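Colleague: return a 3D structure for these sequence lines:
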Amino acid sequence: VIGGTGPSGFCIVERLCARGDEVSIFHTGRHEIPFSGLVEHIHGDPREEGDLRRLLAGRNFDVVVSTSGRVRHVVSTLRGSVGKFVSISGLPYYRRSRIGPGEIGIPLPIRETDPKVTDPQERYGYLVALGEDMVMEAHRRGDFDATILRYTMVYGKYSSIPFEWFLVRRVLDGRGAIAIESDGLMVPQRGYAKNLAEAVMLAIDHPAASGKAYNVGDEQSLSLLALTELVARTLGHDWDMVPVPLRMSPCMNPFAMRQNTLFDLSAIRNDLGYRDVVPVEEATRRFVLWLRDNPVARGGSEERSLGPDAFDYAAEDRVIKRCRALYGAAA
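Modeller: Here you go, the predicted structure:
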């Protein structure tokens, strides 16, 4: 497993260990986490082709799951020495997934056949699409048997971007009100780590996955309003949810999406028989309680990943006060 210490990587490693596989992970070593089975740790930077070649040259693997690093370097290093290659990609692959001024965005739900990014000016999405092209080119050459899984917003313990902390910290800080953009009607696609790991295991084992790319995430999604209320109820909290226009968003709520994210999951359900192993509400409760018991370091890299103004309560209070005056009492 390239990576292996993030939320889905951890669950993938645990699933592989549980069925008796010999497992190695290639990661930087900056985040060591406990596994239930014996796992070989290979420490290097998965973004650097030199590290990959130096540490993996001459080794053969039945399966490689690439969850981290630069996939083009992983492919160039390991082609011809791998049986099955599962590459984790994501939403940025899709053209028009991010909405700019004057744009209506991609129709929902997003299908695997929807157009990819082809403009080099959209650098990140362009590189994601190039990486996918390289994986599938290697598959067609017979370098390995490949499947691509496209993630979007991942949640679960060991998340490097703990999106739900945006809400959980507000509860822990005793916030009495929260700004809810666009009446909370946005529906972000999320994927619980254990559910994503289930999709990876199906991609490894199912012949129908050969040469395919699949969207993957929770089968059902929660609106911003439902998610905000569920977090509060899980932690025994009550707050006023104050509707605010998106353009007045004070703290860049990560669930107030500026892009279309809802995936069509029919392909992976029909081809591989995918079903969530943990329903979305239960998955959310589990992660919220884990964040309560394992709080994110204040001001640390994980919290900063949510944005510089994520916890600017003074700005949020000003917007809440203004919207209450404009639109009346809280929702």
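
Colleague: which strand is the longest one in the protein?
Modeller: strand 82-90 (DSSP state E).

Colleague: partner strands of that strand, parallel or antiparallel?
Modeller: Strand 82-90 has the following strand partners under DSSP bridges: strand 61-66 (parallel), strand 145-151 (parallel).

Colleague: of the ones you listed, which is nearest residue 161?
Modeller: With CB to CB as the criterion, residue 161 lies closest to strand 145-151 of the strands paired with strand 82-90, at 11.8 Å. Just so you know, the C-beta spots here come from the backbone N, C-alpha and C atoms, and that holds for glycine as well.

Colleague: mean confidence (pLDDT) on the closest one, please.
Modeller: Average pLDDT, strand 145-151: 98.

Colleague: after it comes which helix or strand?
Modeller: strand 153-155 (DSSP states H and E).

Colleague: and the contacts of that next one?
Modeller: If you take CB atoms under 8 Å, 6 or more residues apart in numbering as the criterion, strand 153-155 is touched by 6-8, 161-164, 188-193, 196, 217, 254, 261, 283-284, 287.

Colleague: note down every partner strand of it and its orientation.
Modeller: Per DSSP bridges, strand 153-155 is paired in its sheet with strand 190-192 (parallel).

Colleague: what is the rounded mean pLDDT of the partner strand?
Modeller: Rounded mean pLDDT across strand 190-192 is 98.

Colleague: by contact count, what packs against the helix or strand just after that strand?
Modeller: Counting by DSSP H and E, the element after strand 190-192 in chain order, helix or strand, is helix 193-205. Where contact means 3 or more CB pairs under 8 Å, 6 or more residues apart in numbering; DSSP states H and E, helix 193-205 is packed against helix 7-18, strand 61-66, strand 82-90, strand 145-151, strand 153-155, helix 266-272.

Colleague: may I see the buried residues of helix 193-205?
Modeller: 193-204 (16 or more other CB atoms under 10 Å).

Colleague: in its sheet, what does the following helix or strand past that helix sit against?
Modeller: Note on helix 193-205: by DSSP H and E, the next helix or strand toward the C-terminus is strand 213-215. Here strand 213-215 is paired, per DSSP bridges, with strand 145-151 (parallel).

Colleague: need the residues that contact the strand it pairs with.
Modeller: Contacts of strand 145-151 (CB under 8 Å, 6+ apart): 8, 83-91, 93, 112, 132, 135-136, 138-139, 191, 196, 199-200, 203, 209-217, 263.

Colleague: thank you, goodbye.
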